[in-house]
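>>> Okay, here's the prediction I keep looking at, along with the sequence it came from:
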Amino acid sequence: MESTDFPLYTTFEKPCLKITRGFACIYFTGILALVFYRISYMPREDYFPWIMVFAAELGFAFIWALEQAFRWRPVTRYTFPERLSERFENDLPPVDIFICTADPIREPPMNVVDTVLSTLAHDYPTEKLSCYVSDDGGSALTFYALFEASMFAKIWVPFCHKYFIQQRCPDAYFSESDAHQNKSLLFATEWEKLKTMYEEMKHRINSTVETGIVPEAMRNRHDGFREWSSGITLGDHHSIVQILLEKGKDGGVYFPRLVYVSREKRPGCPHNFKAGALNVLIRVSALMSNAPFILTLDCDMYANNCKALREAMCFLMDPQTGHQFGYVQFPQRFHGITKYDLYANHLKRIFDIQGKGIDGAEGPIYVGTGCVHRRDVLCGSEPQNVIKASIESANLEVEKECSSEILNKATTLASCTYEENSLWGKKVGIMYGCVVEDVLTAFTIHCRGWKSAYCTPQRNAFQGRAPLNLNDTLIQHKRLTAGLFEIFVSKFCPFVYGIGRVSITLRMCYGYYCLWAMSCLHILSYGLVPALSTLCAISVFPQISSPWFLLFGFLSLSAYAYNIVEFVMAGGSVKSWWNEHRMWAIKGTSSYPFALIQGLCKLMGISEVGFEVTSKVLDSEAAKRYKEEIFEFGVASVMFIPPATITIINFISLLSGMTQFVRGGYPAVEGMFVQLMLSSFIVMNGFPILEGMFMRTDKGRMPTSITMFSIMVAAVACSVALQITLY
Ligand SMILES: O=c1ccn([C@@H]2O[C@H](COP(=O)(O)OP(=O)(O)O[C@H]3O[C@H](CO)[C@@H](O)[C@H](O)[C@H]3O)[C@@H](O)[C@H]2O)c(=O)[nH]1
Ligand SMILES: [Mn+2]
């Protein structure tokens, strides 16, 4: 093999596949035995709870079966960036970077600035980078912050290149305590100067955001501020495209281009949330730089590894197989999360376990951020037949300076009528009609025959912020789940769409996620029915003395053991698994059912599913509790009611079990043993909820209204159950 033909990456299958597949077979036999038991031992009387529990078990079994798709062939990939440099250093392709922001309050402009700077300073030929920021908030504050960033970039970018800085997000870099130690005097002086400049800029931006008004003196420094002279409101404004940093050569250094885009918004004109924003950027960038590759980032995700783009190119430019990859996805990584990850926001299962599993099929799902696409792929092309975007101007000369004529054209491309009667959002660009535009887009890309690659460099490529309290986490997952449900009930439902075009494994993986909303049915049923049955002295599980008891023991314990081992092998701890499990239960009884209701409402045309932007800020007391890993309830959110109610009901059923034991001795509870175990487990796992309701006094405790309401619902549920059995 010529050295130029060496692959730029390799793929390893996870070892022990025989063991995991063998276990799956045994477990499957166990499930069949359970079905046999449930059917043949169905009671004559009081069979309703039995059927409910059976149905729930079938639900769990189905999800389990889908989950095997992730376990079938997990792979890990390694890249060779040195080979890439050797072969392609001078031919690295241009990349357009898209950054989305939507709200200067929930998404502080300073975060956007850090994200932008971290990418402008990327270790990649500077003249090949262009960065486009989409501001759906249409905010002068964000524009101002970016204007500051553009000036700071002129010093920051050369500094990073000159000293080969690894951490190119200034905020993260300057908080590294040892960055300037043991370095030359020259470096130390420059470092000091830059740090001061950065702190001053940060102070200016934050105080401007606080007052909400950009100072007159600043507004005179860039023509772009004039766009805001005619009173702009969030949902009603013209399109704004402004160039903040021109790609020119400045004192021997090239700068990447930085462009601010705020698309037109008009009342009554659907803007399709983030998908709409990205499609505008696809068009505007086609006009200005038209790079063949596009990196999408959220404003809360900075580049943590300055070689991330090179890592991605190792797949996309691989001489043998590169042409088949439509995109390269990096796992979403988060910083600032507490040690045991109280709210399971690392999404470890998704990104460290399932991500590798799906990579063994056609490849990972696009998750909206930290992903490098081929432009052609986003423009609807197929691997065999790469078509150009349907933008008349795409063939404009690329390197030319952005004249006012180009800017004018760009504002037209960002207008809200541009997409009327076009294929945008249907065949071209990011797909519309679903709040998880990313998953839907990924699925259609896979179905067009593209593969994708999962790139997991040692040093996290991109790092972002996760929600910092329970309510935000639940709302975020509600949106995600509702979006996935939208896919499930659309024509792109993975159980019916793409047959013959993608592997069954891949469709199972997508199907697994799309069923999150539905899975609340069996989670709720398992959380409620056995507990209520205990209360009514009805047994829905075998007695300890029965051999069938062993079957239940095997099915539950081995599934848990498998889960824990998988989690720990992916680098988690047992305690964070326990937290993850709790969050699974809470989401399953809160985010999922609410998402299901929302999804059904949309189906019936009652209401739309909205994109609620998650907040990335926290007050100081709450921040303290967060650090101590104490659950944050605080707000009176309906999201808390179902998990709180279920925990209370299980607690009551435990008490009732104990009373029955005291009154009737062991025989009275013999048939209830599994139910009591299950209830104890639910109460143990949900203990922070009970604590929040009955034992805490701080501001983060469960609001009294929610506690009262949950107690009421629990009381009603218990008495209804008792009434039914009495008659
Ligand atoms: O109308 C909108 C709404 C949102 N956004 C941007 O979308 C991004 C994601 O929003 P965020 O509130 O941070 O949601 P997350 O729950 O963090 O988003 C996850 O889920 C989304 C939907 O699947 C993906 O698009 C994201 O990349 C992924 O991080 C942010 O940069 C927003 O600025 C817009 O540009 N316009
Ligand atoms: Mn986010």
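Nice, I can see it. Ligands and ions are numbered 1, 2, ... in the order given.
>>> From Leu287, how far out is the closest residue to Tyr418 other than its chain neighbours?
Counting by C-beta to C-beta, 6 or more residues apart in numbering, Tyr418 lies nearest to Thr412, which is 6.6 Å off, once chain neighbours are set aside. C-beta coordinates here come from the backbone N, C-alpha and C atoms, glycine included. Separation of Thr412 from Leu287 (C-beta to C-beta, to the nearest Å) stands at 10 Å.
>>> now do Cys371
With C-beta to C-beta as the criterion, Cys371 and Leu287 are 22 Å apart.
>>> More neighbours: which of these two?
Between Cys371 and Leu287, counting by other C-beta atoms under 10 Å, Cys371 is the more crowded of the two (25 against 21).
>>> what residues are up against that one?
Applying C-beta atoms under 8 Å, 6 or more residues apart in numbering, we find Cys371 in contact with 295-296, 327-330.
>>> Which pLDDT value belongs to it?
At Cys371, the pLDDT value in this model is 98.
>>> Tell me, how many residues neighbour the residue nearest to it when sequence neighbours are not counted?
Spatial nearest neighbour of Cys371, excluding adjacent residues (C-beta to C-beta, 6+ apart): Gln329 at 4.7 Å. Applying other C-beta under 10 Å, we find 29 residues neighbouring Gln329.
>>> heads up, I number from 874, so please use that
Let's use 874 as the start, then, which means that last one is Gln1202.
>>> Can you spell out which residues form a bridge with Gln1202?
Cys1244, Tyr1327 (DSSP bridges).
>>> from memory it sits against Ile1238, does it?
Yes - contact criterion C-beta atoms under 8 Å: Gln1202 and Ile1238 qualify, at 7.2 Å.
>>> and for these two, which residues touch both?
Joint contacts of Gln1202 and Ile1238 (C-beta under 8 Å, 6+ apart) are Ser1325.
>>> can you tell me which residues contact Asp1096?
By C-beta under 8 Å, 6+ apart, the contact list for Asp1096 reads Gln1115.
>>> Next, find the distance separating it from Lys1027.
Taken as C-beta to C-beta, the span from Asp1096 to Lys1027 is 19 Å.
>>> And for Arg911?
Distance of Arg911 to Lys1027, computed by C-beta to C-beta: 70 Å.
>>> what about the two, which has more around it?
Set Arg911 next to Lys1027 and count neighbours by other C-beta under 10 Å: Arg911 wins out with 18 against 15.
>>> Show me the contact partners of the strand or helix carrying that one.
Counting by DSSP states H and E, the element that carries Arg911 is helix 890-913. For helix 890-913, contacts defined as C-beta under 8 Å, 6+ apart pick out 923, 927, 930-931, 934, 937-938, 941, 944-946, 1415, 1421, 1424-1425, 1427-1428, 1431-1432, 1435.
>>> Just the buried residues of those.
923, 927, 930, 934, 937, 941, 944-946, 1415, 1421, 1424-1425, 1428 (16 or more other C-beta atoms under 10 Å).
>>> These: which two are farthest apart?
Distances among the buried ones among the contacts of helix 890-913 were taken as C-beta to C-beta; the most separated pair is Trp923 and Arg946, at 37.8 Å.
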